[in-house]
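In: Predicted model, plus sequence, below.
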Amino acid sequence: MINLELSLKQLKQDTLDMAKLVKGQVEKNKESLDTWDQDIVHEIIANEKRVDVYDLKITLDVENILALYNPVAVDLRFVLSCLNTASNLERIGDNARKMANFVLEFEKPLDATIRKELRFDEMYDQTLIMMSEICSGIENEDTKLARKLFKQDHLLNEIHMNSHKTSVILFRQYPELIEQTLYLYSIIKKMERIGDLCKNIAEELIFHIEAKVVKHSNKKK
Amino acid sequence: MYILETRNLNFFYGDYEALKNINFRVETNTVTALIGPSGCGKSTFIRLFNRMNDLIDNTRIIGEVFIEGKNIYLKDTKIDELRKKVGMVFQKPNPFPMSIYENVAYGLRVNGETNKHTIEESVISSLMQAALWDEVKDNLKKSAIGLSGGQQQRLCIARALAVKPSILCMDEPASALDPISTSKIEDLIIDLKKKYTIIIVTHNMQQAARVSDFTAFFYLGELIEYDVTNKIFTNPKEVRTQNYVTGRFG
């Protein structure tokens, strides 16, 4: 059974490394949007291949563990949660890369007023906190932290919900910045998606540790 | 009413307490797997159900074992009748050195059945139920010793079924068999559940998960956890159960 222990330990390490890499991608993306530095964007694009490699490696590792060791109980839940976590992390990585693309496509940095009105920085800071908590949650198998994430996601949802109305107001007030506003609106949409994916990972953590299936549940988690 | 029930059951080999205060119930037409490390008392427990442990010197039982509501450890229990009711299949196939037909017919003859037609019907029916008929129907007069290990084990199951038991106890019935024969035995167990109540001792966790409805985990003579199999293998209540099913001890 030593082999199973080693395989599970390696799987956890790979999942954690992938989470840290994806967190780095989201952080770099913020930096690129702040500085409008295209070199950072190229770095994000290059790193996305590493994210994909981690996703494939974890999928293969899970396949091997299931085939060779037939894990049960907590081990089975852990393996399944890693598989789903990797898939969610890969999608977060995709969103980070898509957000970074705006820096390549758009010449001017984002306007400070629009950023403020759409609560962009507030939302991004919250997203970064959630990404950090995901990493700590995976590392320390901490379900309290995972539950905290559900509440934090409300803020992202709220900012996203209001961004539509705010954008319309901004179109009228700053017609010359319509294109920028639209870009920022779609970035906000992607951040809201990242929040949902973080929440999915938190649900996987709870499933692994507490054997509770909280996804698709409208009840208080 | 449960088909099998133990109440405050303790069993001793001399001074050694092999089973400690076991309270256990089995529903009709279910498969119950007994799991646990070697020496935990599983086989001792299963052998109490047809009083096979009576054959061992210096053993003692405290508590009650009920089969179909009757305490089988009362003095008026007819052991032969009990062993017809509770069949036993062992780890190593043990066919008698006689023909395939006679192996299955043996139990009937011992129990006084003389009608040839009845015996033949029962032999055919038992071999069919044990999923062996198609493989041996043209060789019934041949020696059972010439059968493969898997076929021998199914013959032993047919022999047990011939006397029409209510409960079939199996002590690691597939541990000496190759994967194909094991798979046939497992399919057979699931099929036999429709007519019989089955209790199986196994060291193969996947086998327990595949074939049983309920699983009981024994450790050092204690029944640690007894629940539906799905629960035992996905989210057991007891840490010791979890450690055992995940292979962390035992």
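Out: Received the coordinates, thanks.

In: Just give me how far the worst-scoring helix or strand of chain B on mean pLDDT sits from the chain centre.
Out: Least confident helix or strand of chain B, by mean pLDDT, DSSP states H and E, is helix B:179-192 with a mean of 90. Centroid separation for helix B:179-192 versus its chain: 14 Å, with CA atoms, centre = their mean, to the nearest Å.

In: What is the burial count for residue 105?
Out: Defaulting to chain A. For A:Glu105, the neighbour count with other CB atoms under 10 Å in any protein chain shown is 9. From N, CA and C alone the C-beta is placed, and that goes for glycine too.

In: nope, chain B please
Out: B:Ala105, neighbours per other CB under 10 Å, totals 22.

In: Where does pLDDT dip in the chain?
Out: Unless you meant another one, I'm taking chain A. Across chain A, the ranges flagged by pLDDT under 70 are A:1-2, A:218-221.

In: Can you look at chain B instead?
Out: Ranges of chain B meeting pLDDT under 70: B:250.

In: Where do the strands of it begin and end?
Out: B:4-13, B:16-26, B:31-35, B:59-67, B:70-71, B:86-89, B:167-171, B:197-201, B:214-219, B:222-228 (DSSP state E).

In: Can you lay out those as CSV showing distance to A:Pro71 and mean neighbour count?
Out: Shown next, in CSV, are these (distance: least, CB to CB, whole Å; neighbours: other CB atoms under 10 Å in any protein chain shown):
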stretch, distance to A:Pro71, mean neighbour count
strand B:4-13, 32, 18
strand B:16-26, 28, 17
strand B:31-35, 16, 26
strand B:59-67, 36, 17
strand B:70-71, 42, 14
strand B:86-89, 30, 23
strand B:167-171, 26, 24
strand B:197-201, 22, 26
strand B:214-219, 17, 25
strand B:222-228, 19, 18
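
In: can you redo the ones you listed as a markdown table with distance to chain A?
Out: Written out in a markdown table, the entries for those read as follows (distance: least, CB to the nearest CB, whole Å):
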| stretch | distance to chain A |
| --- | --- |
| strand B:4-13 | 26 |
| strand B:16-26 | 22 |
| strand B:31-35 | 11 |
| strand B:59-67 | 31 |
| strand B:70-71 | 36 |
| strand B:86-89 | 25 |
| strand B:167-171 | 21 |
| strand B:197-201 | 18 |
| strand B:214-219 | 11 |
| strand B:222-228 | 12 |
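
In: for those, which one sits closest to B:Pro97?
Out: Closest of those to B:Pro97 is strand B:86-89, at 18.3 Å (criterion: CB to CB).

In: circling back: can I get the strands of chain B in CSV with distance to A:Lys165?
Out: Supplementary listing: those in CSV, determined by distance: least, CB to CB, whole Å:
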stretch, distance to A:Lys165
strand B:4-13, 68
strand B:16-26, 63
strand B:31-35, 60
strand B:59-67, 72
strand B:70-71, 77
strand B:86-89, 73
strand B:167-171, 69
strand B:197-201, 65
strand B:214-219, 57
strand B:222-228, 52
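
In: near chain B, which residues of chain A?
Out: Within chain A, the residues that sit near chain B (CB under 8 Å from any CB of the partner chain) are A:Met1, A:Leu4, A:Asn70, A:Pro71, A:Val72, A:Ala73, A:Val74, A:Asp75, A:Leu76, A:Arg77, A:Ala211.

In: now that we're looking at the residue lying closest to the last one once chain neighbours are set aside, which residues does it contact?
Out: In other words, A:Ala211. Using CB to CB, 6 or more residues apart in numbering or on different chains and skipping the chain neighbours, the partner closest in space to A:Ala211 is B:Asn235 (3.9 Å). For B:Asn235, the contact set (CB atoms under 8 Å, 6 or more residues apart in numbering or on different chains) comprises A:Ala73, A:Arg77, A:Ala211.

In: Closest one of the residues you listed to A:Gln38?
Out: A:Arg77 (42.9 Å).

In: burial measure for that closest one, as a count.
Out: By other CB under 10 Å, neighbour count at A:Arg77 equals 20.

In: Give me the three-state assignment for it.
Out: helix (DSSP: H, G, I helix; E, B strand; the rest coil).

In: can you check the one 3 residues further on too?
Out: State at A:Leu80, reduced to three classes by three-state DSSP: helix.

In: Can you give me the distance of it to A:Lys20?
Out: Per CB to CB, to the nearest Å, A:Leu80 is found 21 Å from A:Lys20.

In: Repeat that for A:Tyr183.
Out: 28 Å.

In: How about A:Leu155?
Out: Taken as CB to CB, the span from A:Leu155 to A:Lys20 is 23 Å.

In: Also B:Ala131?
Out: On the measure of CB to CB, B:Ala131 and A:Lys20 end up 54 Å apart.

In: which element is the nearest residue in space to A:Cys82 that is not next to it in sequence on?
Out: Of all residues not flanking A:Cys82 in the chain, A:Thr15 sits nearest, at 4.9 Å (CB to CB, 6+ apart). Per DSSP states H and E: A:Thr15 is located in helix A:2-35.

In: from the chain's centre, how far out does that helix sit?
Out: 11 Å.

In: And stretch B:17-26, by the same measure?
Out: 17 Å.

In: Residues contacting that stretch, please?
Out: Contacts of stretch B:17-26 (CB under 8 Å, 6+ apart): B:2-12, B:32, B:41, B:44-45, B:48, B:63, B:167, B:197, B:199, B:214, B:216, B:221-223, B:226.

In: Could you do stretch A:20-28 as well?
Out: A:40, A:43-44, A:47-48, A:50-51, A:54, A:89-90, A:92-93, A:96-97, A:100, A:127-128, A:131-132, A:134-135, A:194.
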